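**Q** I would like the atomic coordinates for the input below:
(one chain, ligands or ions: 2)
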Amino acid sequence: MAVTINKDTCTGCGACIDCCPVEALTMVSDKATVDADTCVDCGACIDECPVEAISL
Ligand code: SF4
Ligand code: SF4
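**A** Ligands and ions are numbered 1, 2, ... in the order given. All right, here's what the predicted structure looks like:
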């Protein structure tokens, strides 16, 4: 599993990247991108996103 990031909604603010405990999130072309093999589904980034672009 891994979170899903809505790239139409993501503003590229970077807040989710800083909060991920396993560094599963990176910025690619100004959009947050998740490494599905690294994400542990903790949900921390979901609460951090100001535009609700991340879901499980
Ligand atoms: S759910 Fe947790 S582990 Fe997965 S990308 Fe978000 S903060 Fe990182
Ligand atoms: S916190 Fe939300 S808007 Fe900001 S980079 Fe992450 S997914 Fe995009």
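**Q** When you work out contacts or count neighbours from here on, use the C-alpha atoms and nothing else.
**A** Noted.
**Q** Mind jotting down where the helices sit in this structure?
**A** Along the chain, the stretches classed as helices by DSSP state H are 15-19, 44-48.
**Q** buried stuff in the first one?
**A** In this case it means helix 15-19. By 16 or more other CA atoms under 10 Å, the buried positions in helix 15-19 come out as 16, 17, 19.
**Q** Now tabulate those residues in CSV and tack on pLDDT and distance to residue 27.
**A** CSV is the format used below for these (pLDDT from 0 to 100; distance: CA to CA, whole Å):
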residue, pLDDT, distance to residue 27
16, 98, 10
17, 97, 8
19, 97, 13
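**Q** restrict those residues to those near ligand 2?
**A** By CA under 6 Å from any ligand atom, the members of the buried residues of helix 15-19 lying near ligand 2 are residue 16.
**Q** And residue 37, its phi and psi?
**A** Per-residue torsions, residue 37: phi -80, psi -20 (degrees, to the nearest 10).
**Q** Distance of it relative to ligand 2?
**A** 18 Å (CA to the nearest ligand atom, to the nearest Å).
**Q** what sits up against stretch 27-36?
**A** 1-5, 7, 10-12, 14, 16-17, 24-26 (CA atoms under 8 Å, 6 or more residues apart in numbering).
**Q** What is the nearest of those residues to residue 56?
**A** residue 3 (4.6 Å; CA to CA).
**Q** surely the closest one meets residue 41?
**A** Yes: shown here, residue 3 and residue 41 form a contact pair, counting by CA atoms under 8 Å, at 6.5 Å.
**Q** Would you mind telling me which of these two has the busier surroundings?
**A** residue 3 (21 against 14; other CA atoms under 10 Å).
**Q** can you pull the contacts of the closest residue to the more buried one other than its chain neighbours?
**A** The shortest distance from residue 3 to any residue other than its chain neighbours is 4.6 Å, reached at residue 56 (CA to CA, 6 or more residues apart in numbering). Listed by CA under 8 Å, 6+ apart, the contact set of residue 56 reads 2, 3, 4, 41, 43.
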